[in-house]
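Asks: Pasting the sequence and the predicted model now:
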Amino acid sequence: MIWNIVAQNTREGEVMERLLEKLDDMRQALGSDRVYDVIGEIIPAPRFDALMKDWLSRRRTMSEILAEIDLQTDVEQVRRIRADMEDKALGARYIDMSKLNADVQQSRENRLMPEYIEKFFLEAYRSFGGTITPVKDRKGVWSIGRVPPDLRKLSESLERRYGKVGTSYLLLTFDKELLIGYSDLQFVGPGHPLFEGVVERVLRDYGPSLRQGAVFFNADSSEPKVLWLLKCGIEDGRGNLIGERLFAIHKTDSTCRKSQPYALLDLKAPESAVAMPQEVRETAANEDEIIDWSLEAVTPEYFGEIEKRRHRELAIKEKYVRKSLQFLIGESIKKITKFDQQLREIRDENDPKRLNIVGNRAKEDARRNELSQRLKDRLEEMGQEQHLSEKPPEILGVAVILPAPQEVVRSVEGMETDPEIERIAVRASMEYERRQGRKPVSVEEENCGWDLTSLLGGQVARYIEVKGRSRIGGVALTPNEWIKAQRFGKDYWLYVVVNCRTEPGLHIIQDPASKLTPREEVSVVRYMIGQDDWRKAADS
């Protein structure tokens, strides 16, 4: 039945589709997305689940059910409900769809994407001698004919938690969306024994090197930088870890800024030893300074985010616990009252029926006390869960990022970078967005994989990557940008601004991953897009 509800070519799906149309009518009538808790106000009984049951049991015909859903919205009801909403009398009962959509969008932006999991696993697994090959004509599907014996051996704690590693995985994917419709496909990712075993091996073999530090080249850098990987965590009053996040901290000269760890994807390891300026080496060794800075600029914001979420969750949880347990306690008191009444009617202390009632009353009284104690304990636990504290930030690794050799950068067409040209391009793109009625927000410093988040009505309308050219020519995308373009599809836009020094001209490409065929340039770790390629896509 679940499948039939979401399918459009079934009768259950028709009911659901008509209900969703009704909800949209309600949203327009009320002038608000907060509709889901007032469905019953506009569609009188029966409830949707009752309608489905009526259909399944054939108590009502489909035409009768659809007629029930298609009832016209009562104007007086709409006026009354809108007044209640404005007075906030029902505010606590609404699901704010705008906020829910924003939360979903933020989760989409911050989630660990399958492309990152795949890239990590392939490199790590192969570095340990494993062989994994792509399956022909099935994008995103891989095959492992035989897992090396040493990778099948998990620590006792990991095996107890995640299970045993198999000897082979003939069809596997790192993207859950590919599992739909395929029963022979296995998902490998966090929580899978093979994946967790590879992570454990990476930390064991390469952990010391990670903490010791590494040196990388960045084709877009004009000065040395130091990047720290910092782990922050939040605990509640019961000692439970309720939040943990990895941050990247960039430091240039005396300036620190927070960004995404994805920036490491855009870097290239040198092929031989490189000279490192002494001041950069000293900066990379100064962990205390980064810890102090993070306590002021990173953990408070993260703590506030987790605290807000926890308070919201606990408010719902407390309401549910009180309501459910108090209901059970009330039902128990009713039973005890009934037993007392029966005892008053039976005077004979030795009457077997009375003795039975006494026993039942004692059991019910014990149950009421147990429910009362459970309510008290749960409220005390939630009180402890409401008290949050920060765990000390922990530095997991450090990297020195040096400008790539200029002879390498100059040898690749489209790699020329000029901060002033980029500023002009971003400014022209933001002006265009404002003219279109959208609100562009710069996220250039955060290494998200795009430069501008463009909002419309408070919701994300476009993820925009901006490329500027002094005249005209090819452009380059970082691995992180290309991955995000593939993942976000039609929501991702490439804005190419040409002739930035004279008369800037904007060329717009929606869903560049489906329209462009970039050439991977390993020497600078970039995806190069020729001028003819992007101009053709912009004109289409």
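Replies: That came in fine, so what should we check first? Numbering: from 1, shown residues only.
Asks: C-alpha only now, for contacts and for neighbours.
Replies: Fine.
Asks: shaky segments in this protein?
Replies: Applying pLDDT under 70 to the chain flags the ranges 1-112, 540.
Asks: tell me the domain boundaries of it?
Replies: Split into domains by automatic domain parsing, the chain comes to 2-95, 114-204, 213-404, 406-539.
Asks: which of the ones you listed sits most buried?
Replies: domain 406-539 (a mean of 18; mean count of other Cα atoms under 10 Å).
Asks: Any idea how far that domain is from the middle of the chain?
Replies: 24 Å (Cα atoms, centre = their mean, to the nearest Å).
Asks: what distance separates the start and the end of that domain?
Replies: Chord length of domain 406-539, first to last residue, is 33 Å (Cα to Cα, to the nearest Å).
Asks: again with stretch 160-179
Replies: 26 Å.
Asks: what sits up against that stretch?
Replies: Stretch 160-179 is contacted from outside by 114-115, 117-118, 135, 140-147, 152-154, 184-189, 191-194, using Cα atoms under 8 Å, 6 or more residues apart in numbering.
Asks: Can you spell out which helices and strands pack onto the strand or helix carrying N369?
Replies: Using DSSP states H and E, N369 maps to helix 352-386. Helices and strands in packing contact with helix 352-386 are listed as strand 225-236, helix 299-345; criterion 3 or more Cα pairs under 8 Å, 6 or more residues apart in numbering; DSSP states H and E.
Asks: Taking helix 299-345 as reference, get the angle to the shortest one.
Replies: When axes from the mean of the first three to the mean of the last three Cα atoms, to 10 degrees is applied, the directions of strand 225-236 and helix 299-345 differ by 10 degrees.
Asks: what sits up against strand 225-236?
Replies: By Cα under 8 Å, 6+ apart, the list of residues contacting strand 225-236 from outside reads 241-253, 261, 280, 283-284, 299, 303, 306, 384-402.
Asks: what's the answer for stretch 261-272, then?
Replies: For stretch 261-272, using Cα under 8 Å, 6+ apart, the contacting residues are 215-219, 229, 246-248, 401, 447-448, 478-480, 523-526.
Asks: Mind doing that once more with 6 Å?
Replies: Stretch 261-272 is contacted from outside by F216, F217, N218, A248, N447, T478, P479, using Cα atoms under 6 Å, 6 or more residues apart in numbering.
Asks: Could you list everything I395 pairs with in the sheet?
Replies: Beta-bridge pairing for I395 (DSSP bridges): L230.
Asks: do the one 5 residues further on as well
Replies: Under DSSP bridges, the beta-bridge partners of V400 are V215, V226.
Asks: can I assume it is in contact with F217?
Replies: No: here V400 does not reach F217: they are 8.5 Å apart, not a contact under Cα atoms under 6 Å.
Asks: so which of the helices and strands packed on helix 352-386 comes closest to V358?
Replies: helix 299-345 (7.7 Å; Cα to Cα).
Asks: For that closest one, name the packing helices and strands.
Replies: Packing partners of helix 299-345 (3 or more Cα pairs under 6 Å, 6 or more residues apart in numbering; DSSP states H and E): helix 352-386.
Asks: how far does the helix it packs on sit from the chain's center?
Replies: 41 Å.
Asks: can you check stretch 218-235 too?
Replies: Worked out by Cα atoms, centre = their mean, stretch 218-235 lies 21 Å from the chain centre.
Asks: Output that stretch as CSV, nothing but the C-alphas.
Replies: Extracted as CSV, the C-alpha positions of stretch 218-235 are listed here (Å, rounded to 0.1, in the frame of the first residue of the first chain):
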residue,chain,number,x,y,z
ASN,A,218,47.0,25.1,-4.7
ALA,A,219,46.8,26.5,-8.2
ASP,A,220,44.6,29.4,-7.0
SER,A,221,46.8,30.5,-4.1
SER,A,222,49.0,33.5,-4.3
GLU,A,223,50.5,33.2,-0.8
PRO,A,224,51.2,30.4,1.7
LYS,A,225,48.4,29.3,4.0
VAL,A,226,48.0,26.8,6.9
LEU,A,227,44.9,24.6,7.2
TRP,A,228,44.0,22.8,10.4
LEU,A,229,41.3,20.1,10.7
LEU,A,230,39.5,20.7,14.0
LYS,A,231,36.9,18.4,15.6
CYS,A,232,34.3,20.0,17.9
GLY,A,233,31.8,18.2,20.0
ILE,A,234,28.8,18.9,22.3
GLU,A,235,27.7,16.7,25.3
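Asks: hang on, K136 is in a strand, isn't it?
Replies: No: under DSSP: H, G, I helix; E, B strand; the rest coil, K136 falls outside any strand and is assigned coil.
Asks: Once you drop chain neighbours, what's closest to H192?
Replies: Y162 (6.4 Å; Cα to Cα, 6 or more residues apart in numbering).
Asks: quick one: the one you found from G189, how far?
Replies: From Y162 to G189 the distance is 12 Å (Cα to Cα).
Asks: List the contacts of stretch 513-525.
Replies: Taking Cα under 6 Å, 6+ apart as the rule, stretch 513-525 contacts A219, A485, Q486, Y527, M528, I529, A537.
Asks: Take those residues and write them to TSV, including secondary structure and distance to E318.
Replies: Converted to TSV, the contacts of stretch 513-525 look like this (DSSP: H, G, I helix; E, B strand; the rest coil; distance: Cα to Cα, whole Å):
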residue	secondary structure	distance to E318
A219	coil	53
A485	helix	42
Q486	helix	42
Y527	strand	51
M528	strand	54
I529	strand	55
A537	helix	54
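Asks: Between those residues, which sits nearest G468?
Replies: Lowest distance from G468 to the contacts of stretch 513-525 (Cα to Cα) belongs to I529, with 13.2 Å.
Asks: any idea how far G414 is from that closest one?
Replies: Counting by Cα to Cα - I529 and G414 are separated by 8 Å.
Asks: repeat for R427
Replies: Noted for R427: a distance of 21 Å to G414, by Cα to Cα.
Asks: try V466
Replies: On the measure of Cα to Cα, V466 and G414 end up 14 Å apart.
Asks: now swap in Y432 and tell me
Replies: Using Cα to Cα, Y432 is found at 24 Å from G414.
Asks: And E431, by the same measure?
Replies: On the measure of Cα to Cα, E431 and G414 end up 25 Å apart.
Asks: that older thread, any shared contact partners between I529 and G414?
Replies: Common neighbours of I529 and G414, using Cα under 6 Å, 6+ apart, are G474, V475.
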